[in-house]
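**Student:** here is my input, please return the structure:
(one chain, ligands or ions: 1)
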Amino acid sequence: MAPVVEIGDLERLARRRVPKMFFDYADSGSWTESTYRANREDFSKIKLRQRVAVDMTDRSLESTMIGQKVAMPVALSPVGITGMQRADGEILAARAANEFGVPFTLSTMSVCSIEAVAEATKKPFWFQLYVMRDRDFINGLIDRAKAAGCSALVLTLDLQILGQRHKDIRNGLSAPPKFTPKHIWQMATCPSWCLGMLGTKNRTFGNIVGHAKGVDDLSSLHSWTAQQFDPRLTWDDIEWIKKRWGGPLILKGILDVEDAKRSTDYGADAIIVSNHGGRQLDGAPSSISVLPEIVDAVGDKIEVHMDGGIRSGQDVLKALCLGARGVFIGRAFVFGLGAMGQAGVKLALDIIARELDTTMALCGEKRVTDLSRMNLYHSGQQWMAG
Ligand SMILES: Cc1cc2nc3c(=O)[nH]c(=O)nc-3n(C[C@H](O)[C@H](O)[C@H](O)COP(=O)(O)O)c2cc1C
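**Tutor:** Sure thing, here's the model as predicted:
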(Lines give C-alpha, C1' and ligand atoms only; values in the text may rest on other atoms or scores of the structure.)
Protein backbone atom coordinates (compact mmCIF):
# COMPACT_ATOMS: atom_id res chain seq x y z
CA MET A 1 0.00 0.00 0.00
CA ALA A 2 1.31 3.48 -0.88
CA PRO A 3 2.11 5.56 2.21
CA VAL A 4 -0.64 7.78 3.56
CA VAL A 5 0.81 11.27 3.82
CA GLU A 6 -2.17 13.58 3.45
CA ILE A 7 -5.95 13.56 3.90
CA GLY A 8 -6.34 13.08 0.12
CA ASP A 9 -4.69 9.65 0.47
CA LEU A 10 -7.29 8.64 3.06
CA GLU A 11 -10.02 9.93 0.75
CA ARG A 12 -8.77 7.74 -2.11
CA LEU A 13 -8.64 4.68 0.15
CA ALA A 14 -12.11 5.37 1.54
CA ARG A 15 -13.49 5.65 -2.00
CA ARG A 16 -12.33 2.06 -2.60
CA ARG A 17 -13.39 0.62 0.76
CA VAL A 18 -16.79 2.20 1.42
CA PRO A 19 -19.86 1.25 -0.68
CA LYS A 20 -20.41 3.95 -3.30
CA MET A 21 -23.75 5.22 -1.97
CA PHE A 22 -22.25 5.91 1.48
CA PHE A 23 -19.00 7.38 0.15
CA ASP A 24 -21.03 9.68 -2.13
CA TYR A 25 -23.27 10.62 0.81
CA ALA A 26 -20.18 12.10 2.48
CA ASP A 27 -18.53 13.46 -0.64
CA SER A 28 -21.40 15.66 -1.75
CA GLY A 29 -22.93 19.08 -1.43
CA SER A 30 -26.34 20.39 -2.40
CA TRP A 31 -27.43 21.25 -5.98
CA THR A 32 -24.45 22.40 -8.07
CA GLU A 33 -22.08 21.89 -5.10
CA SER A 34 -20.67 25.41 -5.64
CA THR A 35 -20.55 26.14 -1.89
CA TYR A 36 -19.07 22.71 -1.22
CA ARG A 37 -16.24 23.54 -3.64
CA ALA A 38 -15.85 27.15 -2.42
CA ASN A 39 -15.27 25.93 1.14
CA ARG A 40 -12.02 24.36 -0.04
CA GLU A 41 -11.04 26.71 -2.86
CA ASP A 42 -11.18 29.82 -0.68
CA PHE A 43 -8.65 28.33 1.73
CA SER A 44 -6.15 28.04 -1.11
CA LYS A 45 -6.47 31.78 -1.86
CA ILE A 46 -5.09 32.67 1.56
CA LYS A 47 -1.33 33.16 1.59
CA LEU A 48 0.93 32.79 4.60
CA ARG A 49 3.62 35.09 5.87
CA GLN A 50 7.00 33.33 6.03
CA ARG A 51 9.32 34.42 8.84
CA VAL A 52 12.90 33.28 9.40
CA ALA A 53 15.52 33.05 12.11
CA VAL A 54 12.96 32.72 14.90
CA ASP A 55 13.64 30.24 17.71
CA MET A 56 11.19 27.42 16.94
CA THR A 57 11.83 25.09 19.87
CA ASP A 58 9.13 24.05 22.36
CA ARG A 59 6.13 24.55 20.13
CA SER A 60 2.62 23.84 21.38
CA LEU A 61 -0.70 23.12 19.69
CA GLU A 62 -2.59 23.01 22.98
CA SER A 63 -5.52 25.32 23.44
CA THR A 64 -9.05 25.39 24.83
CA MET A 65 -12.46 25.24 23.19
CA ILE A 66 -15.35 26.51 25.37
CA GLY A 67 -12.95 26.35 28.28
CA GLN A 68 -12.17 22.64 27.78
CA LYS A 69 -8.53 21.69 27.21
CA VAL A 70 -7.75 20.32 23.74
CA ALA A 71 -4.50 18.85 22.38
CA MET A 72 -5.13 21.02 19.31
CA PRO A 73 -8.13 23.23 18.57
CA VAL A 74 -9.76 20.78 16.15
CA ALA A 75 -13.01 19.00 17.06
CA LEU A 76 -14.74 16.22 15.13
CA SER A 77 -17.95 17.48 13.49
CA PRO A 78 -21.29 15.76 13.95
CA VAL A 79 -21.77 13.56 10.89
CA GLY A 80 -25.00 11.62 10.31
CA ILE A 81 -24.77 7.85 9.75
CA THR A 82 -21.03 7.78 10.46
CA GLY A 83 -21.69 4.16 11.38
CA MET A 84 -22.36 3.42 7.68
CA GLN A 85 -18.85 4.51 6.65
CA ARG A 86 -17.52 1.69 8.82
CA ALA A 87 -19.27 -0.59 11.34
CA ASP A 88 -19.55 1.12 14.76
CA GLY A 89 -18.09 4.25 13.12
CA GLU A 90 -19.19 6.67 15.84
CA ILE A 91 -17.55 4.57 18.55
CA LEU A 92 -14.32 4.23 16.55
CA ALA A 93 -14.16 7.95 15.80
CA ALA A 94 -14.91 8.88 19.42
CA ARG A 95 -12.13 6.58 20.63
CA ALA A 96 -9.64 8.10 18.16
CA ALA A 97 -10.62 11.61 19.28
CA ASN A 98 -10.15 10.56 22.94
CA GLU A 99 -6.76 9.09 22.14
CA PHE A 100 -5.66 12.30 20.45
CA GLY A 101 -7.22 14.63 23.01
CA VAL A 102 -9.82 16.49 20.93
CA PRO A 103 -13.63 16.63 21.23
CA PHE A 104 -15.88 14.21 19.35
CA THR A 105 -19.41 15.37 18.51
CA LEU A 106 -22.12 12.74 18.12
CA SER A 107 -24.91 13.54 15.63
CA THR A 108 -28.60 13.15 16.47
CA MET A 109 -28.70 11.09 13.25
CA SER A 110 -25.96 8.69 14.34
CA VAL A 111 -26.06 4.93 13.95
CA CYS A 112 -24.56 4.18 17.40
CA SER A 113 -26.73 5.64 20.15
CA ILE A 114 -25.64 8.16 22.80
CA GLU A 115 -25.62 5.32 25.34
CA ALA A 116 -23.63 2.96 23.10
CA VAL A 117 -20.92 5.59 22.51
CA ALA A 118 -20.82 6.52 26.21
CA GLU A 119 -20.45 2.87 27.20
CA ALA A 120 -17.61 2.28 24.72
CA THR A 121 -15.57 5.40 25.57
CA LYS A 122 -13.96 6.82 28.69
CA LYS A 123 -14.11 10.58 28.15
CA PRO A 124 -17.14 12.83 27.73
CA PHE A 125 -18.15 13.72 24.17
CA TRP A 126 -20.29 16.50 22.73
CA PHE A 127 -23.80 15.89 21.46
CA GLN A 128 -25.37 17.59 18.43
CA LEU A 129 -29.08 18.29 18.49
CA TYR A 130 -31.48 18.68 15.56
CA VAL A 131 -34.79 20.17 16.60
CA MET A 132 -37.67 17.88 15.65
CA ARG A 133 -41.40 18.50 15.79
CA ASP A 134 -41.80 15.88 18.52
CA ARG A 135 -40.74 17.98 21.52
CA ASP A 136 -41.08 15.05 23.94
CA PHE A 137 -38.49 13.24 21.87
CA ILE A 138 -36.18 16.29 21.92
CA ASN A 139 -36.53 16.69 25.68
CA GLY A 140 -35.76 13.00 26.03
CA LEU A 141 -32.67 13.32 23.83
CA ILE A 142 -31.37 16.26 25.87
CA ASP A 143 -31.91 14.29 29.08
CA ARG A 144 -30.17 11.25 27.61
CA ALA A 145 -27.16 13.36 26.57
CA LYS A 146 -27.00 14.76 30.12
CA ALA A 147 -27.28 11.31 31.66
CA ALA A 148 -24.47 10.07 29.39
CA GLY A 149 -22.20 12.86 30.69
CA CYS A 150 -21.92 14.79 27.41
CA SER A 151 -19.89 17.94 28.06
CA ALA A 152 -21.44 20.27 25.45
CA LEU A 153 -24.58 20.52 23.36
CA VAL A 154 -24.14 21.60 19.73
CA LEU A 155 -27.46 22.95 18.46
CA THR A 156 -27.69 22.89 14.67
CA LEU A 157 -29.75 25.76 13.28
CA ASP A 158 -29.24 25.43 9.52
CA LEU A 159 -31.27 22.30 8.77
CA GLN A 160 -34.95 22.99 9.28
CA ILE A 161 -35.48 21.51 5.85
CA LEU A 162 -33.06 19.37 3.92
CA GLY A 163 -30.97 20.78 1.04
CA GLN A 164 -31.34 18.69 -2.10
CA ARG A 165 -28.30 16.53 -2.74
CA HIS A 166 -28.28 15.17 -6.25
CA LYS A 167 -25.85 12.34 -5.62
CA ASP A 168 -28.09 10.87 -2.91
CA ILE A 169 -31.12 11.03 -5.18
CA ARG A 170 -29.24 9.40 -8.04
CA ASN A 171 -27.91 6.70 -5.72
CA GLY A 172 -31.39 6.07 -4.35
CA LEU A 173 -30.15 6.73 -0.83
CA SER A 174 -33.13 7.28 1.41
CA ALA A 175 -33.49 7.16 5.17
CA PRO A 176 -33.44 4.31 5.96
CA PRO A 177 -31.63 2.90 2.92
CA LYS A 178 -33.88 0.69 0.82
CA PHE A 179 -31.55 -1.89 -0.61
CA THR A 180 -31.86 -2.63 -4.33
CA PRO A 181 -29.67 -5.06 -6.33
CA LYS A 182 -27.46 -2.05 -7.21
CA HIS A 183 -26.85 -1.33 -3.52
CA ILE A 184 -26.20 -4.96 -2.75
CA TRP A 185 -23.62 -5.05 -5.54
CA GLN A 186 -21.96 -1.88 -4.16
CA MET A 187 -21.73 -3.51 -0.74
CA ALA A 188 -20.50 -6.83 -2.12
CA THR A 189 -17.52 -5.06 -3.72
CA CYS A 190 -16.42 -3.90 -0.24
CA PRO A 191 -15.96 -7.23 1.63
CA SER A 192 -14.28 -5.88 4.78
CA TRP A 193 -17.04 -3.29 5.14
CA CYS A 194 -19.63 -6.09 4.87
CA LEU A 195 -17.84 -8.25 7.44
CA GLY A 196 -17.79 -5.36 9.88
CA MET A 197 -21.50 -4.73 9.39
CA LEU A 198 -22.33 -8.39 9.90
CA GLY A 199 -20.46 -8.27 13.20
CA THR A 200 -22.34 -5.35 14.78
CA LYS A 201 -25.85 -4.75 16.09
CA ASN A 202 -25.57 -1.03 15.26
CA ARG A 203 -27.23 -0.73 11.84
CA THR A 204 -30.02 1.78 12.24
CA PHE A 205 -30.54 5.26 13.76
CA GLY A 206 -29.65 4.36 17.34
CA ASN A 207 -30.87 7.59 18.93
CA ILE A 208 -34.30 7.31 17.36
CA VAL A 209 -35.52 3.73 16.94
CA GLY A 210 -37.24 2.63 20.14
CA HIS A 211 -37.15 6.18 21.58
CA ALA A 212 -39.44 8.25 19.34
CA LYS A 213 -43.18 7.62 19.53
CA GLY A 214 -44.30 5.21 16.83
CA VAL A 215 -40.80 4.39 15.63
CA ASP A 216 -40.05 0.77 16.35
CA ASP A 217 -38.50 -0.36 13.11
CA LEU A 218 -36.86 0.91 9.96
CA SER A 219 -40.05 1.33 7.96
CA SER A 220 -41.70 3.57 10.56
CA LEU A 221 -38.44 5.52 10.91
CA HIS A 222 -38.49 6.45 7.23
CA SER A 223 -41.78 8.33 7.39
CA TRP A 224 -40.95 9.76 10.84
CA THR A 225 -37.67 11.42 9.77
CA ALA A 226 -39.23 12.73 6.56
CA GLN A 227 -41.80 14.65 8.62
CA GLN A 228 -39.81 15.46 11.72
CA PHE A 229 -37.25 18.19 10.99
CA ASP A 230 -39.01 21.22 12.40
CA PRO A 231 -39.49 24.13 9.96
CA ARG A 232 -41.01 26.20 12.81
CA LEU A 233 -37.71 26.47 14.68
CA THR A 234 -36.94 30.07 15.70
CA TRP A 235 -34.50 31.88 17.99
CA ASP A 236 -37.04 31.58 20.83
CA ASP A 237 -36.50 27.83 20.90
CA ILE A 238 -32.90 28.32 21.99
CA GLU A 239 -34.09 29.51 25.39
CA TRP A 240 -35.98 26.37 26.41
CA ILE A 241 -33.32 24.13 24.95
CA LYS A 242 -30.61 25.95 26.89
CA LYS A 243 -32.64 25.77 30.08
CA ARG A 244 -33.38 22.07 29.72
CA TRP A 245 -29.74 21.30 28.89
CA GLY A 246 -28.15 23.51 31.54
CA GLY A 247 -24.58 23.04 30.29
CA PRO A 248 -22.22 24.51 27.66
CA LEU A 249 -24.10 25.35 24.45
CA ILE A 250 -22.70 25.85 20.93
CA LEU A 251 -24.85 27.23 18.08
CA LYS A 252 -23.97 25.67 14.72
CA GLY A 253 -24.72 26.99 11.25
CA ILE A 254 -24.13 30.74 11.60
CA LEU A 255 -23.01 32.33 8.32
CA ASP A 256 -24.28 35.88 8.52
CA VAL A 257 -23.15 38.82 10.66
CA GLU A 258 -26.73 39.66 11.71
CA ASP A 259 -27.32 36.08 12.87
CA ALA A 260 -23.96 36.09 14.65
CA LYS A 261 -24.99 39.25 16.53
CA ARG A 262 -28.33 37.67 17.39
CA SER A 263 -26.53 34.58 18.72
CA THR A 264 -24.85 36.60 21.43
CA ASP A 265 -28.24 37.33 23.07
CA TYR A 266 -28.85 33.71 24.13
CA GLY A 267 -26.01 32.99 26.51
CA ALA A 268 -24.39 30.44 24.19
CA ASP A 269 -20.74 29.63 24.80
CA ALA A 270 -19.73 29.57 21.13
CA ILE A 271 -20.98 29.75 17.58
CA ILE A 272 -19.81 27.65 14.66
CA VAL A 273 -19.48 29.60 11.41
CA SER A 274 -20.73 26.90 9.05
CA ASN A 275 -22.71 26.21 5.89
CA HIS A 276 -23.12 22.54 6.82
CA GLY A 277 -20.19 21.57 4.62
CA GLY A 278 -21.95 22.97 1.53
CA ARG A 279 -24.88 20.57 2.02
CA GLN A 280 -27.66 23.10 2.61
CA LEU A 281 -27.83 26.49 0.81
CA ASP A 282 -25.86 26.09 -2.40
CA GLY A 283 -24.64 29.54 -3.48
CA ALA A 284 -23.92 30.65 0.09
CA PRO A 285 -20.38 31.91 0.67
CA SER A 286 -17.63 29.67 1.98
CA SER A 287 -17.28 29.59 5.76
CA ILE A 288 -13.69 30.86 5.68
CA SER A 289 -14.65 33.89 3.56
CA VAL A 290 -17.18 35.15 6.12
CA LEU A 291 -15.20 34.22 9.22
CA PRO A 292 -13.29 37.56 9.50
CA GLU A 293 -16.39 39.76 9.38
CA ILE A 294 -18.14 37.58 11.96
CA VAL A 295 -15.09 37.62 14.26
CA ASP A 296 -14.94 41.41 13.90
CA ALA A 297 -18.63 41.71 14.79
CA VAL A 298 -18.89 39.33 17.77
CA GLY A 299 -15.44 37.93 18.55
CA ASP A 300 -15.17 40.00 21.73
CA LYS A 301 -18.52 38.64 23.03
CA ILE A 302 -18.55 34.95 22.14
CA GLU A 303 -16.10 32.23 21.12
CA VAL A 304 -16.14 31.80 17.35
CA HIS A 305 -15.49 28.37 15.82
CA MET A 306 -15.73 27.41 12.16
CA ASP A 307 -16.01 24.41 9.86
CA GLY A 308 -16.17 23.68 6.15
CA GLY A 309 -13.45 22.64 3.74
CA ILE A 310 -10.68 21.86 6.20
CA ARG A 311 -8.46 19.15 4.75
CA SER A 312 -5.06 20.06 6.19
CA GLY A 313 -3.24 21.59 9.12
CA GLN A 314 -2.58 24.63 6.94
CA ASP A 315 -6.34 25.17 6.61
CA VAL A 316 -6.65 24.96 10.41
CA LEU A 317 -3.88 27.52 10.81
CA LYS A 318 -5.53 29.94 8.37
CA ALA A 319 -8.84 29.74 10.26
CA LEU A 320 -7.08 30.34 13.59
CA CYS A 321 -5.21 33.32 12.09
CA LEU A 322 -8.55 34.78 11.03
CA GLY A 323 -9.87 34.61 14.57
CA ALA A 324 -11.44 31.16 15.03
CA ARG A 325 -10.85 29.83 18.53
CA GLY A 326 -11.20 26.31 17.16
CA VAL A 327 -12.34 24.45 14.07
CA PHE A 328 -14.34 21.31 13.28
CA ILE A 329 -13.52 18.69 10.68
CA GLY A 330 -16.17 16.54 8.99
CA ARG A 331 -15.06 14.76 5.85
CA ALA A 332 -11.37 14.78 6.84
CA PHE A 333 -12.13 12.34 9.68
CA VAL A 334 -14.89 10.50 7.80
CA PHE A 335 -12.41 9.61 5.03
CA GLY A 336 -9.96 8.36 7.66
CA LEU A 337 -12.70 6.23 9.16
CA GLY A 338 -13.79 4.74 5.84
CA ALA A 339 -10.17 4.06 4.89
CA MET A 340 -8.84 2.50 8.09
CA GLY A 341 -11.36 2.66 10.93
CA GLN A 342 -10.22 4.04 14.30
CA ALA A 343 -6.57 4.06 13.18
CA GLY A 344 -7.58 6.08 10.12
CA VAL A 345 -9.31 8.76 12.21
CA LYS A 346 -6.27 8.94 14.48
CA LEU A 347 -4.05 9.16 11.40
CA ALA A 348 -6.17 12.01 10.00
CA LEU A 349 -5.68 13.89 13.29
CA ASP A 350 -1.94 13.12 13.31
CA ILE A 351 -1.57 14.39 9.72
CA ILE A 352 -3.43 17.61 10.52
CA ALA A 353 -1.41 18.15 13.71
CA ARG A 354 1.91 17.63 11.91
CA GLU A 355 0.96 20.01 9.11
CA LEU A 356 -0.30 22.59 11.60
CA ASP A 357 2.86 22.36 13.68
CA THR A 358 5.27 22.64 10.75
CA THR A 359 3.35 25.50 9.15
CA MET A 360 3.18 27.35 12.45
CA ALA A 361 6.96 27.01 12.86
CA LEU A 362 7.65 28.25 9.33
CA CYS A 363 5.42 31.24 10.05
CA GLY A 364 7.66 31.97 13.02
CA GLU A 365 5.17 31.09 15.78
CA LYS A 366 5.50 28.65 18.68
CA ARG A 367 1.96 28.50 20.03
CA VAL A 368 -1.34 28.15 18.18
CA THR A 369 -2.88 30.55 20.67
CA ASP A 370 -0.54 33.29 19.39
CA LEU A 371 -1.61 33.02 15.73
CA SER A 372 -3.28 36.11 14.29
CA ARG A 373 -3.93 37.93 11.04
CA MET A 374 -0.34 39.14 11.27
CA ASN A 375 0.69 35.63 10.16
CA LEU A 376 -1.10 36.00 6.84
CA TYR A 377 0.53 37.57 3.83
CA HIS A 378 -1.16 40.97 3.46
CA SER A 379 -2.52 41.22 6.97
CA GLY A 380 -6.13 42.30 7.21
CA GLN A 381 -8.54 40.96 4.65
CA GLN A 382 -6.70 41.62 1.40
CA TRP A 383 -5.96 37.91 1.13
CA MET A 384 -9.34 37.36 -0.49
CA ALA A 385 -8.86 40.09 -3.09
CA GLY A 386 -7.22 37.85 -5.70
C1 LIG B 1 -21.92 13.09 5.53
C2 LIG B 1 -22.20 14.29 6.39
C3 LIG B 1 -23.20 14.21 7.34
C4 LIG B 1 -23.43 15.32 8.17
N5 LIG B 1 -24.37 15.20 9.16
C6 LIG B 1 -24.54 16.23 10.04
C7 LIG B 1 -25.40 16.09 11.16
O8 LIG B 1 -25.98 15.04 11.39
N9 LIG B 1 -25.54 17.17 11.97
C10 LIG B 1 -24.89 18.36 11.75
O11 LIG B 1 -25.06 19.32 12.50
N12 LIG B 1 -24.04 18.50 10.71
C13 LIG B 1 -23.83 17.46 9.87
N14 LIG B 1 -22.95 17.59 8.84
C15 LIG B 1 -22.18 18.83 8.69
C16 LIG B 1 -20.89 18.73 9.49
O17 LIG B 1 -21.15 18.74 10.87
C18 LIG B 1 -19.92 19.88 9.18
O19 LIG B 1 -20.62 21.10 9.28
C20 LIG B 1 -19.28 19.76 7.79
O21 LIG B 1 -19.01 18.42 7.48
C22 LIG B 1 -17.98 20.56 7.75
O23 LIG B 1 -17.40 20.52 6.47
P24 LIG B 1 -16.21 19.53 6.05
O25 LIG B 1 -16.84 18.17 5.89
O26 LIG B 1 -15.74 20.10 4.76
O27 LIG B 1 -15.18 19.54 7.15
C28 LIG B 1 -22.69 16.50 8.00
C29 LIG B 1 -21.69 16.55 7.04
C30 LIG B 1 -21.43 15.46 6.25
C31 LIG B 1 -20.32 15.53 5.24
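**Student:** please count neighbours and contacts with C-alpha atoms only from this point.
**Tutor:** Fine.
**Student:** assign residue 211 to helix, strand or coil.
**Tutor:** Three-state call for residue 211 (DSSP: H, G, I helix; E, B strand; the rest coil): coil.
**Student:** what's the closest non-adjacent residue to it?
**Tutor:** Spatially, and ignoring its direct neighbours in sequence, residue 211 is nearest to residue 137 (7.2 Å; CA to CA, 6 or more residues apart in numbering).
**Student:** what residues of the host helix or strand of that neighbour count as buried?
**Tutor:** Assigning secondary structure by DSSP states H and E places residue 137 in helix 135-147. Using 16 or more other CA atoms under 10 Å as the test for burial, helix 135-147 gives 137, 138, 139, 141, 142, 144, 145, 146.
**Student:** got the phi and psi for the residue nearest in space to the middle of the chain?
**Tutor:** Centroid-nearest residue in the chain: residue 77, 1.9 Å away (criterion: CA atoms, centre = their mean). When read as degrees, to the nearest 10, the backbone of residue 77 gives phi -70, psi 150.
**Student:** for the ligand, what are the nearby residues on the stretch 1-150 of the chain?
**Tutor:** Within reach of the ligand by CA under 6 Å from any ligand atom, the stretch 1-150 of the chain has these residues: 25, 26, 77, 78, 79, 80, 107, 109.
**Student:** how far away is residue 266 from residue 297?
**Tutor:** From residue 266 across to residue 297, the span is 16 Å (CA to CA, to the nearest Å).
**Student:** ditto for residue 41
**Tutor:** Taking CA to CA as the measure, residue 41 and residue 297 are separated by 24 Å.
**Student:** check contacts around the closest residue to residue 83 other than its chain neighbours.
**Tutor:** For residue 83, ignoring the flanking residues on the chain, the nearest one in space by CA to CA, 6+ apart is residue 89 at 4.0 Å. Residue 89 makes contact with 82, 83, 112, 337, 341, 342 under the criterion CA atoms under 8 Å, 6 or more residues apart in numbering.
**Student:** so for residue 89, what's the pLDDT?
**Tutor:** Looking at residue 89, its pLDDT is 98.
**Student:** quick check: the gap between it and residue 284.
**Tutor:** Residue 89 is 30 Å from residue 284, by CA to CA.
**Student:** so who does residue 194 touch?
**Tutor:** By CA under 8 Å, 6+ apart, the residues touching residue 194 are 187, 188.
**Student:** helix, strand, or coil at it?
**Tutor:** State at residue 194, reduced to three classes by three-state DSSP: helix.
**Student:** just the one 10 residues further on next, same as before
**Tutor:** Three states are possible here, and by three-state DSSP the one that applies to residue 204 is coil.
**Student:** could you count how many residues lie near it?
**Tutor:** Counted with other CA atoms under 10 Å, residues neighbouring residue 204 total 22.
**Student:** just give the closest residue to it, not the sequence neighbours.
**Tutor:** Nearest in space to residue 204, with sequence neighbours left out and distances taken as CA to CA, 6+ apart, is residue 111 at 5.3 Å.
**Student:** still on that earlier bit, closest to residue 31 out of the buried residues of helix 135-147?
**Tutor:** residue 138 (29.6 Å; CA to CA).
**Student:** so that closest one sits right up against residue 131, yeah?
**Tutor:** Yes - Residue 138 is within contact range of residue 131, at 6.7 Å (criterion: CA atoms under 8 Å).
**Student:** name the residue most distant from the centre of the protein?
**Tutor:** Farthest-from-centroid check, the chain (CA atoms, centre = their mean): residue 53, 36.9 Å.
**Student:** and it, its phi and psi?
**Tutor:** Here residue 53 shows phi and psi, under degrees, to the nearest 10, equal to phi 50, psi 40.
**Student:** so the residue nearest to it when sequence neighbours are not counted: helix, strand or coil?
**Tutor:** Leaving aside its chain neighbours, residue 53 sits nearest to residue 364 (8.0 Å; criterion: CA to CA, 6+ apart). Here residue 364 is recorded as coil under three-state DSSP.
**Student:** compute the number of surrounding residues for residue 364.
**Tutor:** Count around residue 364 with other CA under 10 Å applied: 19.
**Student:** list the contacts for it?
**Tutor:** Applying CA under 8 Å, 6+ apart, the residues near residue 364 are 50, 51, 52, 53, 54, 55, 56.
**Student:** picking that back up, between the buried residues of helix 135-147, which is closest to residue 349?
**Tutor:** For those, the minimum distance to residue 349 (CA to CA) is 25.3 Å, reached by residue 145.
**Student:** can you give me the distance of the closest one to residue 120?
**Tutor:** Remark: distance between residue 145 and residue 120 (CA to CA) = 15 Å.
**Student:** residue 280 too?
**Tutor:** Counting by CA to CA - residue 280 and residue 120 are separated by 32 Å.
**Student:** looking at those two, which is more packed in?
**Tutor:** residue 280 (24 against 12).
**Student:** ok, and the closest non-adjacent residue to the more buried one?
**Tutor:** residue 163 (4.3 Å).
**Student:** the one you found against residue 281, yeah?
**Tutor:** Yes - with contacts counted by CA under 8 Å, residue 163 reaches residue 281, the gap being 6.5 Å.
**Student:** what's the overlap in contacts for those two?
**Tutor:** Counting by CA under 8 Å, 6+ apart, the shared contacts of residue 163 and residue 281 are residue 30.
**Student:** the two: which is more packed in?
**Tutor:** Using other CA under 10 Å as the criterion, residue 163 and residue 281 rank with residue 281 on top: 22 against 17.
**Student:** doesn't that one lie inside a helix?
**Tutor:** No - counting by three-state DSSP, residue 281 is not part of a helix but coil.
**Student:** dump the residue contacts of it.
**Tutor:** Neighbouring residues of residue 281 by CA under 8 Å, 6+ apart: 30, 35, 163, 275.
**Student:** alright, I will stop here.
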